[in-house]
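Q: 3D model of this:
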Amino acid sequence: MPEESHVDVLIVGAGPAGVMCGNALAAAGVCVKVVDQRSLKVTSGQADGIQPRTIEVLQVSCFEDLDLLF
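A: Numbers count the residues shown, from 1 in each chain. As a prediction, the model looks like this:
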């Protein structure tokens, strides 16, 4: 039987939206669990690029060193 877990928010999908949402909620003190069906870790990017709005969201989401990546 699987171990029982109690969380405030369960996020299904560990893609960019799920991880960012989980990160924001956790930073706000919410107990979060992110689950994903993929059995293997992804070792490389799955997207072709990052949209300008995405960069803006990352910059205001406590990623101060984001400029080093671009």
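Q: Tell me how many other residues crowd the residue lying closest to residue 14 once chain neighbours are set aside.
A: Spatial nearest neighbour of residue 14, excluding adjacent residues (Cβ to Cβ, 6 or more residues apart in numbering): residue 36 at 3.6 Å. Backbone N, C-alpha and C define where each C-beta goes, glycine included. Other residues within reach of residue 36 by the criterion other Cβ atoms under 10 Å amount to 13.
Q: cool, and residue 54?
A: Neighbours around residue 54, by other Cβ under 10 Å: 13.
Q: check contacts around it.
A: With contacts defined as Cβ atoms under 8 Å, 6 or more residues apart in numbering, residue 54 is in contact with residue 16.
Q: In terms of helices and strands, where is it?
A: According to DSSP states H and E, residue 54 maps onto helix 52-59.
Q: For that helix, list the C-alpha coordinates in CSV.
A: Included here for helix 52-59 are C-alpha records, laid out as CSV according to Å, rounded to 0.1, in the frame of the first residue of the first chain:
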residue,chain,number,x,y,z
PRO,A,52,10.1,37.0,-23.6
ARG,A,53,7.1,36.9,-21.2
THR,A,54,8.5,33.7,-19.6
ILE,A,55,11.9,35.5,-19.0
GLU,A,56,10.0,38.3,-17.3
VAL,A,57,8.2,35.9,-15.0
LEU,A,58,11.4,34.1,-14.1
GLN,A,59,13.1,37.4,-13.4
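Q: That concludes my questions; thank you for your assistance.
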